[in-house]
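Visitor: sharing a model that was predicted from the sequence below.
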Amino acid sequence: MTLRARHRRSPLLVYLAALLVTLGVLSALAEDSRENNQPGGDIAVQQLSFARNDQQALNIARQMYGRDFPYVKAIRVWLETPNDDPEQLFLKIGKSRNCETECFNVVLFHNEKWLEIYRRPAVDALGLSVVTPTGMRSILEDGRVWTWSGQAYTPQPDQTGMVEREANEAELALVSKELGANIDETTATSFGPPEVSVYEVEILLGGEKIIVVRSPYYCGQSFCPVFLINNLGQSYRMIQALEGVVGLSRTLRDENGFRGIETLSRGGVTVISPSTGAVMETIPTQPVAIAGTVK
């Protein structure tokens, strides 16, 4: 058996300048590297807190959001490497005075005018990574990483607690059978042996696995096969994920009690039911808008 497992790193090299040139872009394709999805690959180096307002930042935020949101807090942050340009703002806004209803975290970026580049339901566990190769910090939202693609913030599947390892011989044999291909012939092609990764997870009862196969031979330039394995070692469903990036939902379960499988897709993250294969939820790439225009 010549099929083997290995890791790859292919960071997406795009530039912040894309935002500054294309202000009219409201969304972008979600393309990122697996490096940003590895456990520990995007550890928060700056925890954010709204315990103390920055008065100047608060005044700016209230001018744009105060009419529609009685609750407004604001702090200054750097999403990019500090420079002479105006820094960015992180806001917490809400429809009630204690942010009990319609409460959101919002990120503003200034480029001639204030742009809203991120808005999500407010969470307490909020942080920023180091500056990534795309020129901006990733946002860490209660376990979910949002990476800057050069045009927009894109969600990554939640991999909290997931550890990637190489497939063993039995798992490689299972994958070979499921693919229905002559692995030796595949290995002999110019693409070389596929990369096969395994995550040991709890989807229903515990003891299950997610096996991902990555190779241009099987994935082309986009979606890779992902096999769901039950606690008896049987493959019961194949799904697909962009670049083979997958995660597990911490809150969503399907009608049969299975935890949703999160997959990276072109528009963000798609959550799939393991038992039916149906889409349970989509988490889209963040649109870019003029600050204060989104109610």
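Guide: Received the coordinates, thanks.
Visitor: flag every buried residue along the helix or strand containing residue 75.
Guide: Using DSSP states H and E, residue 75 falls within strand 71-77. For strand 71-77, the neighbour count (16 or more other Cβ atoms under 10 Å) marks 71, 72, 73, 74, 75, 77 as buried. (Glycine included, C-beta is placed from N, CA and C.)
Visitor: same check on stretch 115-131?
Guide: By 16+ other Cβ under 10 Å, the buried positions in stretch 115-131 come out as 115, 116, 117, 118, 119, 120, 122, 126, 127, 128, 129, 131.
Visitor: picking up where we left off before, state the next helix or strand along the chain beyond the strand holding residue 75.
Guide: strand 88-94.
Visitor: that next one packs against which elements?
Guide: helix 55-65, strand 71-77, strand 104-111 (3 or more Cβ pairs under 8 Å, 6 or more residues apart in numbering; DSSP states H and E).
Visitor: neighbouring contacts of the first one?
Guide: Right, the one you point to is helix 55-65. The contact list for helix 55-65 (Cβ atoms under 8 Å, 6 or more residues apart in numbering) reads 72-76, 89, 91, 93, 106, 108, 114, 291-292.
Visitor: residue 253: what's it in contact with?
Guide: Taking Cβ under 8 Å, 6+ apart as the contact definition, residue 253 lies against 259, 260.
Visitor: and the closest residue to residue 93 other than its chain neighbours, how close does it get to residue 57?
Guide: In space, and not counting its chain neighbours, residue 93 is closest to residue 69: 4.0 Å by Cβ to Cβ, 6 or more residues apart in numbering. Distance, residue 69 to residue 57, using Cβ to Cβ, to the nearest Å: 15 Å.
Visitor: for these two, indicate the residue with more neighbours.
Guide: Higher neighbour count among residue 69 and residue 57: residue 69, with 23 against 20, using other Cβ atoms under 10 Å.
Visitor: secondary structure class of the more buried one, three-state.
Guide: At residue 69, secondary structure determined by DSSP: H, G, I helix; E, B strand; the rest coil is coil.
Visitor: now the helix or strand containing residue 196: average pLDDT?
Guide: Assigned by DSSP H and E, residue 196 belongs to strand 195-201. Mean pLDDT, computed over strand 195-201, is 96.
Visitor: also stretch 259-270?
Guide: Model confidence over stretch 259-270, given as mean pLDDT, is 96.
Visitor: tell me the spacing between residue 280 and residue 286.
Guide: From residue 280 to residue 286 the distance is 20 Å (Cβ to Cβ).
Visitor: more crowded one of the two?
Guide: residue 286 (24 against 19).
Visitor: where's the more buried one relative to residue 195, distance?
Guide: Counting by Cβ to Cβ, the gap from residue 286 to residue 195 is 30 Å.
Visitor: go on, residue 106?
Guide: Counting by Cβ to Cβ, the gap from residue 106 to residue 195 is 38 Å.
Visitor: same question for residue 58.
Guide: According to Cβ to Cβ, residue 58 stands 49 Å off from residue 195.
Visitor: next: residue 294.
Guide: Separation of residue 294 from residue 195 (Cβ to Cβ): 41 Å.
Visitor: what is the burial count for residue 204?
Guide: Residue 204: 17 neighbours (other Cβ under 10 Å).
Visitor: wait, it sits on residue 260?
Guide: No. Residue 204 lies out of contact with residue 260 (Cβ atoms under 8 Å); the separation is 11.6 Å.
Visitor: joint contacts of those two?
Guide: residue 274.
Visitor: returning to that earlier point: just so I know, which of the helices and strands packed on strand 88-94 lies nearest residue 97?
Guide: strand 71-77 (5.7 Å; Cβ to Cβ).
Visitor: ok, and what's touching that closest one?
Guide: The contact list for strand 71-77 (Cβ under 8 Å, 6+ apart) reads 46, 48-50, 52-54, 56-58, 60-62, 65-66, 87-99, 103, 128.
Visitor: and the residues you listed, which are buried?
Guide: Using 16+ other Cβ under 10 Å, the buried ones in the contacts of strand 71-77 are 48, 50, 54, 57-58, 60-61, 65, 87-94, 99, 103, 128.
Visitor: closest to residue 273 out of the buried residues of strand 71-77?
Guide: Out of the buried residues of strand 71-77, the member with the shortest distance to residue 273 (by Cβ to Cβ) is residue 71, at 36.0 Å.
Visitor: from residue 204, how far out is the nearest residue to residue 258 once chain neighbours are set aside?
Guide: Spatial nearest neighbour of residue 258, chain neighbours left out: residue 274 (4.2 Å); criterion: Cβ to Cβ, 6+ apart. Remark: distance between residue 274 and residue 204 (Cβ to Cβ) = 8 Å.
Visitor: for the two, list the residues in contact with both.
Guide: 258, 259.
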